[in-house]
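Engineer: Need coordinates for the following:
(2 chains)
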Amino acid sequence: MSNIPDDLSYTKEHEWISGLEDGLVATIGITAFAAEALGDVVYVQLPEVGSTIEAGDSVGEVESTKSVSEIYTPVGGEVVEVNQALVDDPSLANSDPYGEGWMFKVRAEGDADDLLSAEEYAALTSGES
Amino acid sequence: MSRSTPLRDVHESLGATLTDFAGWLMPLRYGSESAEHNAVRQAAGLFDLSHMGEIFLTGPQAGEALDYALVGHLSAMGHGRARYTMLVDERGRVLDDLIVYRLGDEEFMVVANAANAEKVAEELKNRAKAYDVRVEDRSDQYALIAIQGPRSQEILATLTDADLASLKYYTITPGRVDGREALIARTGYTGEDGFELIIANDDAVPLWNALTAAGEPHGLKPAGLSSRDTLRLEAGMPLYGNELSAELTPFDAGMGRVVKFDKPGDFVGRTALEAVKDDPPRRRLTGLVARGRRVPRHGYPVTKDGAVVGEVTSGAPSQTLGKPIALAYIDAGVDTEGLAVDIRGKQEPVDVVELPFYRRNK
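Structural biologist: Predicted coordinates for the structure are as follows:
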């Protein structure tokens, strides 16, 4: 069973998001479940700082040995920061997906797409694993 | 419902990610596939390959039957030798690539890819009908465990009296490993030295455990299909379903050397292959190294100045080179300067390199 922190929100596409409640800057990454399914992450492409993205957009990609998957943003807004340490060492997505493996930060505007609680996400992934 | 090998419980207890492969539930990786890949390059890896097919031909005309059924000259093999060969259809198209082992005067073992094993057994039975030989698919009776990597001999030597030092690459000998009867072959699919052990199903778990215990002090790790694929790709070895298929002849794949026209008698596919053997190839299997970090993958178009000039058959990030690598069929006559791979709509530059991507120091 993958680690699913209670204090984050989740998407059906296996991203996590934090910091939405303050309406300021949200942080987004991929879940431990996603990282385990991908295997060793070897390359992460992130959106550009300063770009404006919309909820539901594909804003980047994560490549592993066996596969590639897109990163969807659950919220729109301006990208204010990306995790350069993750670009330099993509294995952080495997070793610490909710911490050092974070992907990008958005100054959120408008509503987020349908988000799941930790409990709901756990139910979703227990069906898939 | 996927079939399981005798080692399934062992894989589960090791925390393996299991995947369906050719109708079998197989370990994709146990932990980090990069670590498994590196263990095989630097120390040793242990693979469960029990999904592969083992077909035995026994009888006075076993060699002649194989000469007719396959493209190689198998009756000319010495005892204890192994040979890479192919099964083709009447049109010369590849139905599987195989390793044939000569176990005795009148006994051969054919090891086939899991996805093709039943078809290979059926074809061999049909093609051997006119010969004094018994063809028996014993895939269900045998497990296959491979130990691959530079420390393999050292590790295996602690469990067997077989003379491994004089067992050359592409040879096989019967022997006892951990007190169990085995066929010990010095073959593999990783580009490293190593051994493949064909054993009775019931011996698979104890032998796996014995190899693990003997190997761990030497850095041996269990290794899954994911690392097996990146290892064979770095070694430039073809994979059936990617570089080889029922659409291609051995010549199309640049492997015409496996077709032995000078052997006596007819063989299935001879007429068709003789007709094409001197044709200039339409496409060439080519090694590519990406300049960027995005990975060319199976089926992606190879382009030059925006025009499609080929297709990727296999691609992966290479641990050894630190860059993505790929095999691709590229149209003959295309200048290989300035090639790109269309990676999901973006043309990513690649350089053509000599194959294999990786060659071990002998």
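Engineer: Helices of the stretch 51-200 of chain B, start to end?
Structural biologist: Counting by DSSP state H, counting those that start in this stretch, one finds helices in the stretch 51-200 of chain B at the ranges B:62-69, B:117-127, B:152-157.
Engineer: looking just at contacts, which helices and strands does the shortest one meet?
Structural biologist: This means helix B:152-157. strand B:194-200, helix B:204-215 (3 or more C-beta pairs under 8 Å, 6 or more residues apart in numbering or on different chains; DSSP states H and E). Where you see a C-beta, it was placed from the backbone N, CA and C, and this is true even at glycine.
Engineer: Same check on the longest one?
Structural biologist: Judged by 3+ C-beta pairs under 8 Å, 6+ apart, helix B:117-127 is in contact with strand B:53-58, helix B:62-69, strand B:82-88, strand B:94-104, strand B:107-112, strand B:134-137.
Engineer: mind checking which of the ones you listed is nearest B:Ala272?
Structural biologist: Of all these, the one in closest proximity to B:Ala272, counting by C-beta to C-beta, is strand B:82-88 (8.0 Å).
Engineer: Give me the below-cutoff pLDDT ranges for the chain.
Structural biologist: No chain specified, so I'll use chain A. Along chain A, the model assigns pLDDT under 70 to residues A:1, A:21-23, A:128-129.
Engineer: That was the other one, I meant chain B.
Structural biologist: In chain B, no residues with pLDDT under 70.
Engineer: Quick one: residues contacting the residue nearest to the spatial centre of it.
Structural biologist: Nearest to the geometric centre of chain B sits B:Tyr189, at 4.9 Å (C-alpha atoms, centre = their mean). Contacts for B:Tyr189 were tallied using C-beta atoms under 8 Å, 6 or more residues apart in numbering or on different chains; they are B:146, B:148, B:228, B:231-232, B:235, B:237.
Engineer: Next, format those as CSV and append distance to B:Asp137 and secondary structure.
Structural biologist: What follows is these, written out as CSV (distance: C-beta to C-beta, whole Å; DSSP: H, G, I helix; E, B strand; the rest coil):
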residue, distance to B:Asp137, secondary structure
B:Ala146, 21, strand
B:Gln148, 26, strand
B:Arg228, 23, helix
B:Leu231, 28, helix
B:Arg232, 25, helix
B:Ala235, 29, coil
B:Met237, 25, coil
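Engineer: Return the residues of chain A in contact with chain B.
Structural biologist: Selection of chain A residues close to chain B by C-beta under 8 Å from any C-beta of the partner chain yields A:36, A:39-40, A:42-43, A:45, A:61, A:63, A:65-66, A:68, A:94.
Engineer: out of the helices and strands packed on helix B:152-157, which comes closest to chain A?
Structural biologist: strand B:194-200 (20.7 Å; C-beta to the nearest C-beta).
Engineer: Distance from the chain centre to that closest one, please.
Structural biologist: Using C-alpha atoms, centre = their mean, to the nearest Å, the mean C-alpha position of strand B:194-200 is found 14 Å from that of the whole chain.
Engineer: Which other helices and strands does that strand contact?
Structural biologist: Using 3+ C-beta pairs under 8 Å, 6+ apart: strand B:194-200 touches strand B:142-148, helix B:152-157, strand B:180-185.
Engineer: Including mean neighbour count and distance to B:Ser245, could those go into a markdown table?
Structural biologist: Formatted as a markdown table, the entries for those read as follows, by neighbours: other C-beta atoms under 10 Å in any protein chain shown; distance: least, C-beta to C-beta, whole Å:
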| stretch | mean neighbour count | distance to B:Ser245 |
| --- | --- | --- |
| strand B:142-148 | 25 | 24 |
| helix B:152-157 | 20 | 31 |
| strand B:180-185 | 20 | 26 |
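Engineer: Next, format those as JSON lines and append distance to B:Phe357.
Structural biologist: Formatted as JSON lines, those follow (distance: least, C-beta to C-beta, whole Å):
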{"stretch": "strand B:142-148", "distance to B:Phe357": "17"}
{"stretch": "helix B:152-157", "distance to B:Phe357": "21"}
{"stretch": "strand B:180-185", "distance to B:Phe357": "25"}
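Engineer: Minimum distance to B:Leu124: which of those has it?
Structural biologist: strand B:142-148 (16.3 Å).
Engineer: Who does B:Arg81 form a beta bridge with?
Structural biologist: Beta-bridge pairing of B:Arg81 under DSSP bridges involves B:Thr171.
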